[in-house]
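> just need the structure, nothing else, for what follows:
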Amino acid sequence: MQDRELYRQILGIEAPWFVDRVELKLEDGEIQVHVDHKDSEWPCSECGRSCRLYDHQAERRWRHLDTCQYRTILCAAVPRSDCPEHGPRVVKLPWAEPNSRFTALFEALAINWLRQASQKAVAQQMKLSWDEIHSIMERAVRRGLERRTRQTVRHLGVDEKAYKTGHSYLTLVNDLDAGRVLYVSEDREEKSLDGFWTTLSEAQLDSIEAVAVDMWDAYLNSIRKHLPDADQKIVFDKFHIAQHLTDAVDRVRRTEHKVLKAAGDLRLKGTRFRWLRNPDNMTWHEKRRFAELKNSQLKSARAWALKQAAMLLFNYRSEAWARKHFRWWYNWATRSRLRPIIKVAAMLKRRFENIVTYLRHRVTNATSESINAKLQWVKYTARGYRNKQNFINAIYFHCGGLDMHPSPTK
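So this is what the prediction gives:
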């Protein structure tokens, strides 16, 4: 009697359910808690109408939180109600959600652990298989997405994430203000982003003030097709622009290094990362060594100076002055006789109208990069994902800002 009452309180079992018996299976390392009921009428799981008992399913088992290091298993033959409208329906249970083989308390603990540790560590500690881990995460994400309410989002970030080596990508849409992933789809095509806009109401579309994005035309076509007044809201990410300029500087350095090396001049040997680093992050000694390079007559020094001058655009408050600065910089860049810089300058001129929009909205994809860094950790700790849907679930699980804990019927 005492053990039945103990487990009734531990499990939160209430009438019409009761703990019938508790069995200790030492050879299996299990404690089995058998639950039964007294009622002959049950609410339909579809409409909630009180119906007579139809029959019982075969006895099912649910994994519960361990008791004194013993695996605890809840066992019950689940009744089905006989609804005149919907027919026989499995009743909702107070300890677990439908189609789950774990109690709500067990799933809640697993979700808390998975948020803090790797899947491998949680699987080992809770004695779960990889399939069980993925099923818990899949159900958590599904209920989280179902609970997500329609909220207005002012600033969006559109980014891509490599699924694995090769040209296999996912498209992510992020809420830059809340730092959460709103939408994930396969590939990085126009249709990959098209699906996101259909999830928004007209009011949500109108509330969007800016979209930070790289210069990928597929994304731009989708945004312009679905977002009202899109060209006033598209903001090319300044860090993406900085990357283009940095790559151009590196190409100039590599070409120049080959020429100098052939002539016996090794000034540029081992200097790659000096040109790539932000001088603000250098030590005093590093700045001193780099000053000798950037103040020289090297082509690499001119390319670096052009990159630094281009990025000054984002410090302006006045759009008119920013436009004037860009015209000055563009003339300098196109007369520099540095082919990689000239190529980037031409691209920036073509895209300039959605570069200067930064001054109106002041948004970047820095939040998206932070999310990408977290997802890189998730991929590493999981040792990669062979199943793309499992990786999508992991993205929502760790970065979706979802309410994922189970809430069984009381």
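> just confirm Arg52 is within a strand.
Yes: under DSSP: H, G, I helix; E, B strand; the rest coil, Arg52 falls within a strand.
> number of residues surrounding the residue lying closest to it once chain neighbours are set aside?
Leaving aside its chain neighbours, Arg52 sits nearest to Asp82 (5.3 Å; criterion: Cβ to Cβ, 6 or more residues apart in numbering). For every residue, glycine as well, the C-beta is placed using N, CA and C. Here the number of neighbours of Asp82 (other Cβ atoms under 10 Å) works out to 16.
> in the one helix or strand Asp82 maps to, what counts as buried?
Asp82 belongs to strand 70-83 when assigned by DSSP states H and E. For strand 70-83, a neighbour-count test (16 or more other Cβ atoms under 10 Å) marks Arg71, Thr72, Ile73, Leu74, Cys75, Ala76, Val78, Pro79, Arg80, Ser81, Asp82, Cys83 as buried.
> ok, and the closest non-adjacent residue to the first one?
Nearest non-adjacent residue to Arg71, counting by Cβ to Cβ, 6+ apart: Glu30, 4.9 Å away.
> can you pull the contacts of that neighbour?
By Cβ atoms under 8 Å, 6 or more residues apart in numbering, the contact set of Glu30 is Leu24, Tyr70, Arg71, Thr72, Ile73.
> quick one: it from Thr103, how far?
Using Cβ to Cβ, to the nearest Å, one gets 14 Å for the distance from Glu30 to Thr103.
> also Asp82?
27 Å.
> now the strand holding Asp82, how far from the centre of its chain.
36 Å (Cα atoms, centre = their mean, to the nearest Å).
> report all helices and strands that that strand contacts.
Counting contacts by 3 or more Cβ pairs under 8 Å, 6 or more residues apart in numbering; DSSP states H and E, strand 70-83 is packed against strand 30-37, strand 41-43, strand 50-67, strand 87-90.
> would you reformat those as JSON lines and include distance to Ala242 and mean pLDDT?
Shown next, in JSON lines, are the helices and strands packed on strand 70-83 (distance: least, Cβ to Cβ, whole Å; pLDDT from 0 to 100):
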{"stretch": "strand 30-37", "distance to Ala242": "58", "mean pLDDT": "92"}
{"stretch": "strand 41-43", "distance to Ala242": "60", "mean pLDDT": "88"}
{"stretch": "strand 50-67", "distance to Ala242": "50", "mean pLDDT": "91"}
{"stretch": "strand 87-90", "distance to Ala242": "57", "mean pLDDT": "92"}
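> which one of the ones you listed lies nearest to His244?
Closest to His244 of the helices and strands packed on strand 70-83 is strand 50-67 (Cβ to Cβ; 52.1 Å).
> what does the longest helix anywhere in the chain contact?
For the chain, the helix with the greatest residue count under DSSP state H is helix 238-262. Outside of helix 238-262, the residues within contact range by Cβ under 8 Å, 6+ apart are 214-215, 266-269, 271-272, 275-276, 298-300, 303-304, 306-307, 310-311, 314, 338, 340-341, 343-344, 347-348, 355, 358, 364-366, 369.
> ok, now with 6 Å
By Cβ atoms under 6 Å, 6 or more residues apart in numbering, the residues outside helix 238-262 that reach it are 214, 268, 275-276, 299-300, 303-304, 307, 310, 314, 338, 340-341, 344, 358, 364.
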